[in-house]
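J.: Here's my sequence, what's the structure:
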Amino acid sequence: MTDKIKSTDTKADIDFYSIGEAEGKLAPDLNLESLKISSTDNSPVKKEAEDTAPVKLKISWVFWLLFFAAMSFLLFNGYALGTTVLEAYESSLYLAILMAVSSLGFIGLLGYGITKEVIGFLSLKQLGQGFDLEQLREQNNLDLTTKKLKEHAKSQQKSEMASSFNQRFFASIQSHHTNDDVIDMYISNVEEPLLRKAKDILKQEAMRSGGVTFISPNEFIQTLTLLWTNLRVLRLISQLYGIRPGVLGNIKLLGMMWQNVLLQNATDVIAEQLVRDVSNKFLGTIAEKAGVAATSGGLTARLGLQLIKQLSLVARNK
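T.: Numbers count the residues shown, from 1 in each chain. From the prediction side, this is the model:
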């Protein structure tokens, strides 16, 4: 299922970019109107940005704290991996070569995967100014509700699935539908199907995260594996919705991702201490790996749920 979403996203990118170029040539007045509208909204946006400036600074400080802590784990674990290879070199040259080649191959593939997920995530447009469906329901203004939903649908054009849901929804609106009817139809025809699909993706990726972590040979590769699976979840769910969070949302997600790295390393240390009492070394290793794998899957799911709350208009209220 994830491969299908990925392939359709590539096709959607080509179609929507071409449509955007055509609209730019045929309707310059529309672009001017959009600039006028955006210019009139500058004052409240600037005011809101000024109000949230101290919060942004606080999040940034915590982010850098977690970043350097996670980098310390990576460096120490990377040094431990290199030391292990050197110790093997003293006993067997061929064994050291095999360990080095396999480790570099694993790390290289993980690095490629991480780069790919980051590029795919950054290729999406950031989520614009959000709105609350319940507030639109209270305002009871059908024209305003339709306008907001159309703007949101336009921002989701890079997702073929979200675009198809939006097209069917707008085609089903009739003149006798009230404001509440339109909101209920939007939730049942667009938001809830996307939410179910996002949770299905999250379950699969959490299992993948636990499986890959289970076969990782050491803590350094486990950390890289967790980063890869976390970034993969961010990309897949964002591509499903066709958008990615804004600046503050991205900072919050990155901070949570670094927290996942620290929690996984802490869990690894605790599991290692707990299995030392197991008489059978093989069974102790299996138990340790299983515990770390389960933690990795849970942390990946935790990050994905946070992203869903930022992108979904119904999940944020649950």
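
J.: avg pLDDT for the strand or helix carrying residue 258?
T.: Here residue 258 sits within helix 247-274, counting by DSSP states H and E. Per-residue pLDDT over helix 247-274 has a mean of 74.

J.: Can you name the element that comes right after it?
T.: In N-to-C order, the element after helix 247-274 by DSSP H and E is helix 281-311.

J.: now this structure, which segments are flagged as low pLDDT?
T.: Where the chain drops to pLDDT under 70, the residues are 1-67, 69-71, 73-74, 76-77, 80, 129, 265-289, 317-318.

J.: And the helices in it?
T.: Secondary structure of the chain (DSSP state H): helices located at 2-26, 28-40, 42-51, 53-91, 93-122, 133-139, 142-155, 160-172, 179-186, 192-214, 219-241, 247-274, 281-311.

J.: And residue 95, how far from residue 163?
T.: Separation of residue 95 from residue 163 (C-beta to C-beta, to the nearest Å): 54 Å. Bear in mind the C-beta positions are built from the backbone N, C-alpha and C, glycine included.

J.: of the two, who's got more company?
T.: residue 163 (19 against 12; other C-beta atoms under 10 Å).

J.: Pretty sure the more buried one sits against residue 243.
T.: No: Residue 163 is beyond contact range of residue 243, at 11.8 Å (criterion: C-beta atoms under 8 Å).

J.: Determine the residues that are contacts of both of those two.
T.: residue 156 (C-beta atoms under 8 Å, 6 or more residues apart in numbering).

J.: can you tell me the distance between the two ends of stretch 145-164?
T.: 19 Å (C-alpha to C-alpha, to the nearest Å).

J.: Just the buried residues of it, please?
T.: Using 16 or more other C-beta atoms under 10 Å as the test for burial, stretch 145-164 gives 145-146, 148-149, 152-153, 155-163.

J.: can you check stretch 184-199 too?
T.: For stretch 184-199, by 16+ other C-beta under 10 Å, it's 185, 186, 187, 189, 190, 191, 193, 194, 195, 197, 198, 199.

J.: Going by distance to residue 134, which of the residues you listed wins?
T.: Lowest distance from residue 134 to those (C-beta to C-beta) belongs to residue 187, with 10.7 Å.

J.: mind listing what that closest one touches?
T.: Taking C-beta under 8 Å, 6+ apart, one finds 133, 313, 314 in contact with residue 187.

J.: By neighbours, which of those wins?
T.: residue 313 (22 neighbours).

J.: wait, that residue sits on residue 133?
T.: Yes: between residue 313 and residue 133 a contact is recorded at 5.4 Å, counting by C-beta under 8 Å.

J.: Give the burial count for the closest residue to residue 159 other than its chain neighbours, as a bare number.
T.: Leaving aside its sequence neighbours, residue 159 sits nearest to residue 242 (C-beta to C-beta, 6 or more residues apart in numbering; 3.2 Å). Neighbourhood size, residue 242 [other C-beta under 10 Å]: 27.

J.: Start at 9, not 1
T.: Fine by me, first position is 9 from now on; the one you just mentioned is residue 250.

J.: Quick check, residue 250 in contact with residue 160.
T.: No: checked against C-beta under 8 Å, the pair residue 250 and residue 160 is beyond contact range at 9.9 Å.

J.: Roughly how far does residue 90 sit from residue 234?
T.: From residue 90 to residue 234 the distance is 20 Å (C-beta to C-beta).
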